[in-house]
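> Quick one: sequence plus predicted model below, questions after.
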Amino acid sequence: MRVAVSGAGGRLGRALVEALGDAPFTGPFGPIAWRRPDYDLDDPSAAARVVARDRPDVVVHAAAWADVDACALDPRLAMRRNAEAAGEMARACAGAGADLVLVSTNEVFPGDADPAIGYGPGDPTGPPNPYGASKLAGEEAARAAYAAAGGLGADVRHGPLAADGEPASLPAGRVTGPQLAIARTAWLFGVVGEDFPSRILVAALRARADGGELALVADETGTPSFVADVAEAIVELLGAGVFAGTHHLVNGGPVTRAAWGRETLELAGVHVPTRDVAQASFARASRPPRAAVLRPTPLPSGEPMRDHALAMADYSPRLRRWLASIEEAGR
Ligand SMILES: NC(=O)c1ccc[n+]([C@@H]2O[C@H](COP(=O)([O-])OP(=O)(O)OC[C@H]3O[C@@H](n4cnc5c(N)ncnc54)[C@H](OP(=O)(O)O)[C@@H]3O)[C@@H](O)[C@H]2O)c1
């Protein structure tokens, strides 16, 4: 099966290329990696060009403008990169009979969920900021493209547990039309220097050097999700062969930013006084949702993605090595 990954140089894109490289169904050459300038979200002809050239069976569209604050400062460009480009990719794939996994976000939801319950895939959306609005518009453009092409966009349920408690069922017989999967995730971590745990450690070193306290946001709750686990979940969906519908691919264990920050400090062995603050105490262009917690959907294996704390424990040796290198460089 020819699998292409857009945004292959990004945080999730790199993890996807690695995980797909190990998957038996991608063959000896592994996935096709689309990076800039070959595939650029700003080029309206890029999707049709790379799909016609490489003839993938499936595209995992991980390219996006994921800078939430930059999107708030330029909502028009956010729509171009996250909505129009997603629609172009969906039309190119559906037109070629290829499947598409469109990576999306928890920020399509308003953020008023009870964190203990979270949002299911069918819950009403309502983006709190321009980034979320552009990603939701991308989802809608992709659904419209697959509906127009007669593709399978309706939910296929995997595993013994359907997310909303309905009985699980797989479609009878083979899937014939091209499939669209929307794979929403949240609070990605697992790339040192480019994630929340890294930013917290840098801020902690600064606070320690200044003899001050580290301010941690206590009124924002989410589901930290390890890029390698999200990539493996997408590989598992592709391997199952049927994956149409909306999936929530997040690690378990919703936490506040403050709790995640303390978890990071503990794992990295950094001791600094901390203070809980409200998110409003940081000036930001974008308004993060208070609790856009995704309720995880079951994977084909029936197993949920593991708790984020286990993934953090796996990640922590890399974080500690990175921290040691920046402390060394600062001496
Ligand atoms: N980060 C999170 O916490 C988070 C949370 C929820 C959902 N998501 C979603 O997960 C997916 C992957 O996110 P990520 O964190 O891996 O993002 P990322 O690291 O910023 O990667 C995005 C990729 O998009 C590519 N791209 C192509 N054209 C671009 C253009 N004109 N402007 C900007 N980027 C362009 C970039 O390619 P080059 O590398 O070649 O420049 C980059 O590799 C996205 O759909 C995002 O919305 C992310």
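Right, received. Where do you want to start?
> Where do the strands of this structure begin and end?
3-6, 32-34, 58-61, 99-105, 180-185, 188-189, 214-217, 221-222, 225-226, 245-248, 255-256, 274-277 (DSSP state E).
> which residues are in contact with the fifth one?
The reference is to strand 180-185. Identification of contacts with strand 180-185 by C-beta atoms under 8 Å, 6 or more residues apart in numbering yields 12, 90, 94, 99-106, 108, 121, 139, 142-143, 145-146, 151-153, 225, 230, 233-234, 237, 243-250, 294. Every residue, glycine included, has its C-beta placed from N, CA and C.
> can I get the strands of the chain in TSV with mean pLDDT and distance to Ala203?
Supplementary listing: the strands of the chain in TSV, determined by pLDDT from 0 to 100; distance: least, C-beta to C-beta, whole Å:
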stretch	mean pLDDT	distance to Ala203
strand 3-6	98	32
strand 32-34	98	33
strand 58-61	98	32
strand 99-105	98	24
strand 180-185	97	24
strand 188-189	98	15
strand 214-217	97	6
strand 221-222	97	18
strand 225-226	98	21
strand 245-248	96	29
strand 255-256	97	16
strand 274-277	97	10
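> Would you format those strands as JSON lines with distance to the ligand and mean neighbour count included?
What follows is these, written out as JSON lines (distance: least, C-beta to the nearest ligand atom, whole Å; neighbours: other C-beta atoms under 10 Å):
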{"stretch": "strand 3-6", "distance to the ligand": "7", "mean neighbour count": "28"}
{"stretch": "strand 32-34", "distance to the ligand": "8", "mean neighbour count": "22"}
{"stretch": "strand 58-61", "distance to the ligand": "7", "mean neighbour count": "28"}
{"stretch": "strand 99-105", "distance to the ligand": "4", "mean neighbour count": "27"}
{"stretch": "strand 180-185", "distance to the ligand": "5", "mean neighbour count": "25"}
{"stretch": "strand 188-189", "distance to the ligand": "4", "mean neighbour count": "23"}
{"stretch": "strand 214-217", "distance to the ligand": "15", "mean neighbour count": "20"}
{"stretch": "strand 221-222", "distance to the ligand": "9", "mean neighbour count": "26"}
{"stretch": "strand 225-226", "distance to the ligand": "7", "mean neighbour count": "26"}
{"stretch": "strand 245-248", "distance to the ligand": "11", "mean neighbour count": "24"}
{"stretch": "strand 255-256", "distance to the ligand": "14", "mean neighbour count": "19"}
{"stretch": "strand 274-277", "distance to the ligand": "21", "mean neighbour count": "16"}
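> quick one, domains of this structure?
Domain segmentation of the chain under automatic domain parsing yields 3-188+224-248, 190-222+254-291+307-330.
> tell me, which of those is the model least confident about?
Among these, domain 3-188+224-248 has the lowest mean pLDDT, at a mean of 90.
> any chance of the strands of the chain in TSV, plus distance to Val50?
Below are the strands of the chain laid out as TSV (distance: least, C-beta to C-beta, whole Å):
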stretch	distance to Val50
strand 3-6	7
strand 32-34	6
strand 58-61	9
strand 99-105	13
strand 180-185	18
strand 188-189	24
strand 214-217	39
strand 221-222	32
strand 225-226	27
strand 245-248	24
strand 255-256	38
strand 274-277	44
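> The ones you listed: which one's closest to Leu205?
In terms of C-beta to C-beta, the element of the strands of the chain nearest to Leu205 is strand 214-217, at 9.6 Å.
> Flag every residue of the stretch 101-250 of the chain that's near the ligand.
Taking C-beta under 6 Å from any ligand atom as the criterion, the stretch 101-250 of the chain approaches the ligand at residues 103, 105, 135, 185-188.
> Please repeat the previous calculation with a cut-off of 8 Å.
Listed as neighbours of the ligand in the stretch 101-250 of the chain under the rule C-beta under 8 Å from any ligand atom: 102-107, 131, 135, 184-189, 191, 194-196, 225, 227.
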